Structures are given as structure tokens and as C-alpha cells.
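*Asks:* Provide a 3D model corresponding to the input given below.
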Amino acid sequence: MKKTVMILITAVIFVAMAFGTALADAASVAKGELAPIGHDQKIVEAVKAQNAKGLTMDYIKMVDKGWKGQPADTYFIKELRENKCSGYCRAIIEKVPYMTEIFVMDNQGANVCMSGTTGDYWQGDEAKWQKSFADGKGAIFVDEPEDEDGKMVQQISVPVMDGGKAIGAITFGVLADEVK
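*Replies:* This next block holds a predicted model:
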């Protein structure tokens with residue numbers, strides 16, 4: 001019995017250490033490689049353009065409600081997925097082997113552009129936007145890895161910054177095992 005308990009404790013410690021290292025690696029990648037994308041002029045301009053539209057929260061929630069469960073080729077989803085900024089996000093993914101997705105959000109958490117199709121339009125009620133936008137101060141948020149189709153994917157969110165102020169946020173899906 002004692003031997004089994006010792007083996008279990010050792011396994012738990014090993015997993016905790018490995019998970020801690022993965023989070024440290026993800027945080028390092030977030031600061032060194034991903035955060036600068038939040039200052040990229042093409043991303044900043046796309047977010048500024050969306051913020052300038054002055055979308056109301058009622059409108060955002062209406063679109064969000066209509067978005068959920070719709071096919072990816074639905075007009076509004078397709079239009080957003082195929083805009084210039086979304087093409088730019090796909091080009092970034094092509095250059096970064098550990099990245100699975102990118103989506104950019106405005107100052108209310110509504111999607112601006114995306115490399116694929118998100119499950120919903122409004123991210124403002126989720127930690128990925130709330131913690132990275134951080135009431136306009138901007139911060140890095142590294143979420144827990146989750147299993148997606150047999151791969152451990154981790155979402156890392158960084159602010160989109162303009163003039164020292166967060167104007168939106170970006171979430172990157174990364175393969176947790178490949179982030180070094």
C-alpha cells in the first residue's frame with residue numbers, strides 16, 4: 001500500500017512539474033513571440049477600424065446568438081473569416097508550426113478577424129478577452145491546455161496595443177507540447 005501511494009505521489013509531482021514547465025514555456029513564448037503581434041500595425045488598424053464602428057452590445061449579442069451553431073459558410077461568418085486581417089492571421093499561422101489558430105477581438109470582445117471559425121462571435125464574457133484586455137491596461141493570459149482532437153492545445157491571449165493602451169486582444173491556439 002505504501003509503495004502504491006509513493007508511486008502515485010511521485011507521478012503527481014512529475015505531472016505537476018511538467019505542467020508547470022509547460023506554463024512557463026507558454027508564458028515565455030507569449031512575452032517573446034506573441035505579444036509583439038499585438039503591436040503589429042495591420043492588426044492594430046483592423047481593431048481600430050472595428051472599434052470606430054461603435055457597435056452596441058445589443059448588436060454584438062444579437063450577432064453572437066445568430067452565430068452559434070451556424071455553418072462556417074454563413075454569410076456573416078464567411079465575411080469575417082475572409083477579411084484582410086483574417087488572411088494576415090492565416091499567413092502568421094503558416095510560419096509558426098506550433099500555432100493552430102488566431103482570432104482578434106475588439107474593445108468589447110467581438111471578433112474582428114480569425115484564422116478559422118470560432119464557436120461564438122462575442123468573446124467578451126470569457127477569461128481570454130477579459131484578462132488580456134484588462135480594462136484597457138492589457139495583460140498576457142495563459143489558459144490551461146485542453147485536449148482538442150487528441151492534441152493538447154493551449155490558448156494564449158495578449159492585448160492589441162495602441163499608444164500604450166489596450167484596444168482589443170488576440171487569442172492564439174498553440175500546441176502545448178510544441179511550445180518551447
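
*Asks:* count the residues that sit near Asp73.
*Replies:* When neighbours are counted by other CB atoms under 10 Å, Asp73 registers 9. Every C-beta, even on glycine, is put in place using the N, C-alpha and C of the backbone.

*Asks:* and Asn51, by the same measure?
*Replies:* Residues within reach of Asn51, counting by other CB under 10 Å, total 18.

*Asks:* quick check, it in a helix?
*Replies:* Yes: using DSSP: H, G, I helix; E, B strand; the rest coil, the assignment for Asn51 is a helix.

*Asks:* that one reaches Gly109, doesn't it?
*Replies:* No: with contact defined as CB atoms under 8 Å, Asn51 does not count as touching Gly109 (11.6 Å).

*Asks:* now the common contact residues for these two.
*Replies:* Common contacts of Asn51 and Gly109, defined by CB atoms under 8 Å, 6 or more residues apart in numbering, are absent altogether.

*Asks:* hey, where'd the helices end up in the chain?
*Replies:* Assigned by DSSP state H, the chain shows helices spanning 2-29, 41-52, 57-67, 75-81, 84-95, 127-133.

*Asks:* and of those, who's closest to Gln155?
*Replies:* With CB to CB as the criterion, Gln155 lies closest to helix 127-133 of the helices of the chain, at 5.7 Å.

*Asks:* okay, buried residues for that closest one please.
*Replies:* Using 16 or more other CB atoms under 10 Å as the test for burial, helix 127-133 gives 128-133.

*Asks:* export that helix as CSV, just CAs?
*Replies:* Only the C-alpha atoms of helix 127-133 are listed here, as CSV (Å, rounded to 0.1, in the frame of the first residue of the first chain):
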residue,chain,number,x,y,z
ALA,A,127,-11.4,35.0,-19.5
LYS,A,128,-9.3,35.1,-22.6
TRP,A,129,-10.6,38.5,-23.5
GLN,A,130,-11.3,39.9,-20.0
LYS,A,131,-7.8,39.1,-18.7
SER,A,132,-5.9,40.1,-21.8
PHE,A,133,-7.8,43.3,-22.4
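
*Asks:* what residues does it touch?
*Replies:* 105, 107, 109, 123-124, 138-141, 143, 155, 157-159, 166, 168-171.

*Asks:* OK, contacts around Ile156?
*Replies:* Contacts for Ile156 (CB under 8 Å, 6+ apart) come out as 26, 29-30, 34, 140-143, 171-172, 174.

*Asks:* re earlier: closest one of the buried residues of helix 127-133 to Lys61?
*Replies:* Trp129 (14.3 Å).

*Asks:* distance of the closest one from Lys165?
*Replies:* Between Trp129 and Lys165 the computed distance is 16 Å (CB to CB, to the nearest Å).

*Asks:* cool, and Glu101?
*Replies:* 26 Å.
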